[in-house]
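Asker: Take a look and give me a structure for this.
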Amino acid sequence: MNKNLAGTDLDVNEEGYLTDMTQWTEAVAEAIAAEEGVGPLVEGHWKVIRYLREQQAKGAALTIRGMGKSGVVTTKELYDLFPGGPLKKSSKIAGIPKPVGCI
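Answerer: Numbers count the residues shown, from 1 in each chain. From the prediction side, this is the model:
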């Protein structure tokens, strides 16, 4: 599927996750965050987004528990930054695939 966000044509799946991580930009992240009711994005958000992108590049499995233990944010901070599905929303904003454990 195609979607235009931040003036960019993006390839997304049926849930709106990018299927081509190379299409991600910070402007795209801001646009996805606005759609998800998150933001404006502040440094705490960007720390999580950068961490998720790094972990995805390494092929690491992403979990809320793992995020809480990462030292990037506490679990409570993750929920505060990305309410209503913190790992699902933060992954979408970071332009990475939906984590396996998210429904």
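
Asker: Now do the same for residue 9: helix, strand or coil?
Answerer: For residue 9, the assignment made with DSSP: H, G, I helix; E, B strand; the rest coil gives strand.

Asker: OK, contacts around it?
Answerer: The contact partners of residue 9, taken as CB atoms under 8 Å, 6 or more residues apart in numbering, are 2, 3. Backbone N, C-alpha and C define where each C-beta goes, glycine included.

Asker: what are the ranges of the helices in the chain?
Answerer: Secondary structure of the chain (DSSP state H): helices at 26-35, 43-58, 64-69, 75-81, 86-94.

Asker: elements contacting the last one?
Answerer: Just to be clear, that refers to helix 86-94. Of the remaining helices and strands, those touching helix 86-94 by 3 or more CB pairs under 8 Å, 6 or more residues apart in numbering; DSSP states H and E are helix 26-35, helix 43-58, helix 64-69, helix 75-81.

Asker: Comparing the ones you listed, which comes out most buried?
Answerer: Each of these was given a mean neighbour count from mean count of other CB atoms under 10 Å, and the largest, a mean of 18, is that of helix 26-35.

Asker: still on that earlier bit, including distance to residue 17 and mean pLDDT, could the helices and strands packed on helix 86-94 go into a markdown table?
Answerer: Below are the helices and strands packed on helix 86-94 laid out as a markdown table (distance: least, CB to CB, whole Å; pLDDT from 0 to 100):
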| stretch | distance to residue 17 | mean pLDDT |
| --- | --- | --- |
| helix 26-35 | 9 | 96 |
| helix 43-58 | 12 | 96 |
| helix 64-69 | 17 | 90 |
| helix 75-81 | 18 | 96 |
